[in-house]
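[1] Build me a model from this:
(4 chains)
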Number of protein chains: 2
Amino acid sequence: MTLKIDKSVVRSFSMFEKMADADVEHLLSLAVSRRASAGEAFFEQGGAATHFFMLIHGRLKVTQVTADGQQIIVRVVHPGDLFGFARALRRPDYPGTAVSVSESLALSWPTELWPQFIDRSPHVAVSALNTIGERLEEAHTRIREMSTQEVERRVAHTVLRLARQAGNPEASKIRIDFPITRQDIAEMTGTTLHTVSRILSAWEGQGLVEGGRQKLFVCDMKRLQSLADSEKH
Amino acid sequence: MTLKIDKSVVRSFSMFEKMADADVEHLLSLAVSRRASAGEAFFEQGGAATHFFMLIHGRLKVTQVTADGQQIIVRVVHPGDLFGFARALRRPDYPGTAVSVSESLALSWPTELWPQFIDRSPHVAVSALNTIGERLEEAHTRIREMSTQEVERRVAHTVLRLARQAGNPEASKIRIDFPITRQDIAEMTGTTLHTVSRILSAWEGQGLVEGGRQKLFVCDMKRLQSLADSEKH
DNA sequence: CTGCTTCTTTGTGCATCCGCAAACAACTTG
DNA sequence: CAAGTTGTTTGCGGATGCACAAAGAAGCAG
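    Numbering: from 1, shown residues only, chains lettered A, B, ... in the order given. Reported below is the predicted structural model:
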């Protein structure tokens, strides 16, 4: 499990952008790489938070399960993102489960190293604060949407966000670049699989999107955007 | 507007708990106190984030208004809480509006002082990270509730949270210690004033709560709790 | 006290969204 | 290729919560 990651890949991630070469190398030398194929988890909800991670390649979803067994998707993790640093916020355990949805590779560090991580470069601290600030804002946006908007607009927002974060242009369409189910989208928008299926079918009829099993293409960002923005009715 | 706050009051707030006397005094000497009577705002959504604050006395609600004019309550601020430190997360403007709901007093510092604030005591940085981590968690809880639970349980949770955070025992009842309207509760739970009114009326019939104009007493925490916890149906 | 404003209660119809159920399609495994 | 697994579609009935409306109650100013 020694490190054989190309440094230039890591360099492109915003967190390391402004760091000195020596510092990057030092941090990388402390990291252990971990691989997970689709369906495997990096950590489980409630487990002791022994490590924090950075995703190098692939895609994860972070989920939470409620007391009565319902699941929601908290967020999707993209390459370059830090994840599982619950402990930095003084939590002893992971608040969610991080499951790989496509072949993934991550770096991991023991949580004890977090302070050292910060010492090595203040940028990391700033970066962490920014990251978590963004997440908070994202969460508030989601709350606002769920409070005030009807399902169709929420789904539109979610799909647009996915297209922006994980979209791959491909012959006039944008391909969502990892396997995603209607169930997943339902768990991200707070509705049911059935409703999502209905909405996507309707959109497909209007040429807005194209779908398949665990696949999704966005054909018309513009009209989807106007759906997401439009005043009600 | 010079400072005449009793240091012992401030000392009781968790943020200052572990700080040296000299440091507390230094920070307080840089602060400017600001007062707001009910309805006045400390800052407005979208305004330039020139200051950050700590609430000493009173109660605030932080609200956001959506593009189409709908309002939601993001959170309630209690004495001892930091608020308005958007800038620390590198935002140039306030993401919400902080309105006083009862006569309030807060300390304020110019945002430029934030780094100095952190230097003076690492506890502040830790405290800030914790605070924001808690808020994130709270937001996720709210998202989870809104995704999976029906309205009555969400209202139950909200009322219980209010009772814990701002409850005042009073003759076998617990009084929510600041003026709160059904509209406010609706905006906290993502429903309408009407539905909240109906639910509270029903509860009042069962002796769970007692209400009045901008008043709310919780009579039976236990049964309310079981309502909030119970499996559906 | 009187009128005004703000907050609350209550009722009725109606659109939305969910739950259940069943069939179908795609991919996987042996 | 047959059987099993997993994901998707669709229909229908019904509950939930919303919009609209109107009136009552409580506080406030003059």
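[2] Would you mind listing what in chain A touches DNA strand C?
    Contact residues, chain A versus DNA strand C (Cβ under 7 Å from any atom of the strand): A:150-152, A:190-192, A:194-195, A:212-213. Placement of C-beta: from N, CA and C, glycine included.
[3] repeat that for 10 Å
    Chain A has residues A:38, A:70, A:146, A:149-155, A:179, A:186, A:189-199, A:212-215, A:232-233 near DNA strand C, with proximity defined as Cβ under 10 Å from any atom of the strand.
[4] Would you mind giving me the ChimeraX syntax to select the buried ones in these?
    The buried residues among these can be selected in ChimeraX (16 or more other Cβ atoms under 10 Å in any protein chain shown) with this line:
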select /A:146,149,151,152,153,154,155,186,189,190,191,195,196,199
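[5] In chain A, what residue spans correspond to strands?
    Assigned by DSSP state E, the strands in chain A fall at A:32-36, A:41-43, A:51-65, A:71-77, A:82-83, A:97-110, A:167-170, A:173-176, A:209-212, A:215-218.
[6] can you give me how far the longest one is from the chain middle?
    Strand A:51-65 sits 7 Å away from the centroid of its parent chain (Cα atoms, centre = their mean, to the nearest Å).
[7] What residues sit buried inside it?
    A:51-56, A:58-64.
[8] how about these in a markdown table, adding distance to A:E138 and pLDDT?
    Shown next, in a markdown table, are the buried residues of strand A:51-65 (distance: Cβ to Cβ, whole Å; pLDDT from 0 to 100):
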| residue | distance to A:E138 | pLDDT |
| --- | --- | --- |
| A:H51 | 24 | 94 |
| A:F52 | 19 | 92 |
| A:F53 | 19 | 94 |
| A:M54 | 19 | 93 |
| A:L55 | 17 | 94 |
| A:I56 | 22 | 93 |
| A:G58 | 21 | 92 |
| A:R59 | 17 | 93 |
| A:L60 | 16 | 94 |
| A:K61 | 15 | 94 |
| A:V62 | 12 | 94 |
| A:T63 | 16 | 93 |
| A:Q64 | 15 | 91 |
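[9] Tell me which two of the residues you listed sit farthest apart.
    Spatial extent of the buried residues of strand A:51-65 (Cβ to Cβ) is set by the pair A:I56 and A:Q64 at 24.2 Å.
[10] is it possible to export the buried residues of strand A:51-65 to TSV including distance to A:E103?
    Formatted as TSV, the buried residues of strand A:51-65 follow (distance: Cβ to Cβ, whole Å):
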residue	distance to A:E103
A:H51	20
A:F52	21
A:F53	16
A:M54	17
A:L55	12
A:I56	11
A:G58	6
A:R59	9
A:L60	11
A:K61	14
A:V62	18
A:T63	19
A:Q64	24
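[11] of those residues, closest to DNA strand D?
    Of all these, the one sitting nearest DNA strand D is A:K61; the distance, using Cβ to the nearest atom of the strand, is 11.9 Å.
[12] Contacts only, for that closest one.
    Going by Cβ atoms under 8 Å, 6 or more residues apart in numbering or on different chains, A:K61 touches A:73, A:75-77, A:98-99, A:101, A:184.
[13] so which of the residues you listed comes closest to DNA strand D?
    Checking the contacts of A:K61 against DNA strand D with Cβ to the nearest atom of the strand, the nearest one is A:D184 at 7.5 Å.
[14] Neighbours of A:A163, how many?
    Counted with other Cβ atoms under 10 Å in any protein chain shown, the neighbours of A:A163 add up to 22.
[15] didn't it look like it was pressed against A:D220?
    No: using Cβ atoms under 8 Å, A:A163 and A:D220 do not qualify as a contacting pair, with a distance of 10.9 Å.
[16] gap between A:S37 and DNA strand C?
    Distance of A:S37 to DNA strand C, computed by Cβ to the nearest atom of the strand, to the nearest Å: 11 Å.
[17] for A:A48, same thing?
    Computed with Cβ to the nearest atom of the strand, the distance linking A:A48 and DNA strand C is 31 Å.
[18] same question, A:R175
    As defined by Cβ to the nearest atom of the strand, A:R175 lies at a distance of 14 Å from DNA strand C.
[19] That residue: what's it in contact with?
    Taking Cβ under 8 Å, 6+ apart as the contact definition, A:R175 lies against A:167-169, A:215-217.
[20] Out of these, who's the most crowded?
    Taking other Cβ under 10 Å to define a neighbour, the member of those with the most is A:L216, carrying 24 neighbours.
[21] Report the inter-axis angle for the biggest helix by length in chain A versus strand B:71-77.
    Ordering each helix of chain A by length in residues (DSSP state H) puts helix A:122-148 first. Here helix A:122-148 runs at an angle of 130 degrees relative to strand B:71-77 (axes from the mean of the first three to the mean of the last three Cα atoms, to 10 degrees).
[22] can you tell if helix A:122-148 touches chain B?
    Yes: against chain B, helix A:122-148 shows contacts by Cβ under 8 Å from any Cβ of the partner chain at A:125-126, A:129-130, A:132-137, A:139-140, A:142-144, A:146-148.
[23] packing partners for that helix?
    On a contact count with 3 or more Cβ pairs under 8 Å, 6 or more residues apart in numbering or on different chains; DSSP states H and E, helix A:122-148 meets strand A:82-83, helix A:114-120, helix A:151-166, strand B:71-77, helix B:122-148.
[24] Next, report how far it is displaced from the centre of its chain.
    12 Å.
[25] could you check the angle strand A:51-65 makes with it?
    Here helix A:122-148 runs at an angle of 10 degrees relative to strand A:51-65 (the same axes, to 10 degrees).
[26] which one is A:V76 nearest to, not counting chain neighbours?
    Counting by Cβ to Cβ, 6 or more residues apart in numbering or on different chains, the nearest residue to A:V76 once its immediate chain neighbours are dropped is A:K61, at 5.5 Å.
[27] Great, nothing more from me.
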